[in-house]
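In: Sequence isn't available, so here's the structure alone:
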C-alpha cells in the first residue's frame, strides 16, 4: 500500500472499532495504529509521573493538537485512558475574532494550526 492510500485510510477510519464482515480495511488500520498510540500514551504516563515526582502536582488537562487530533476514535481513546484528566481538542482560534461563517471551518482545521497560531499570538499578548 502506498503512503497516500495509507493516509486516506487512517483519516477515514482512524482507530474506531467497527468489527464485522467486510470491515478488513477499518480493522487493519486500527490494528496498526493502536500499538503506536499505546506507546505514545505510555510515554505520556511516564512524563506525568516524572512531573508529579518533581513538582508534586498532577497534570489536569490534555490538549490534543496537530493534524491527527481529529483522527476518528482518538479523542475517545484518550478520554478512556486518562479518566482523571480533562481531554480536549485544541482550538487555537478561540481568542481570535472572526466572522461566524468561519466557525465550523476553523474548528475543523484548528488543531493543525495550533503551533502557528500560538506563536503568532505570543507577540500580541
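Out: Okay, I see it. In this text the structure is predicted, and so the values were computed from the model without any measurement. Numbering: from 1, shown residues only.
In: Tell me how many other residues surround residue 78.
Out: Residues near residue 78, counting by other CB atoms under 10 Å, number 20. Placement of C-beta: from N, CA and C, glycine included.
In: what does residue 12 give?
Out: Residues within reach of residue 12, counting by other CB under 10 Å, total 12.
In: ok, now residue 55?
Out: Residues near residue 55, counting by other CB under 10 Å, number 9.
In: the helices in this structure, which residues?
Out: Counting by DSSP state H, one finds helices in the chain at the ranges 3-13, 24-55, 74-81, 103-109, 114-122.
In: Go ahead and name everything in contact with the fourth one.
Out: Translated: helix 103-109. Contact with helix 103-109 is made by 70, 91, 93, 98, as judged by CB atoms under 8 Å, 6 or more residues apart in numbering.
In: Could you find the closest non-adjacent residue to residue 79?
Out: On the basis of CB to CB, 6 or more residues apart in numbering, the spatially nearest residue to residue 79 that is not a chain neighbour turns out to be residue 87, at 4.8 Å.
In: I'd say that neighbour and residue 78 touch.
Out: Yes - if you go by CB atoms under 8 Å, residue 87 and residue 78 touch, sitting 4.7 Å apart.
In: Identify the contacts common to these two.
Out: Each of 62, 64 lies in contact with both residue 87 and residue 78 under the rule CB under 8 Å, 6+ apart.
In: How far off centre is stretch 68-76?
Out: 5 Å (CA atoms, centre = their mean, to the nearest Å).
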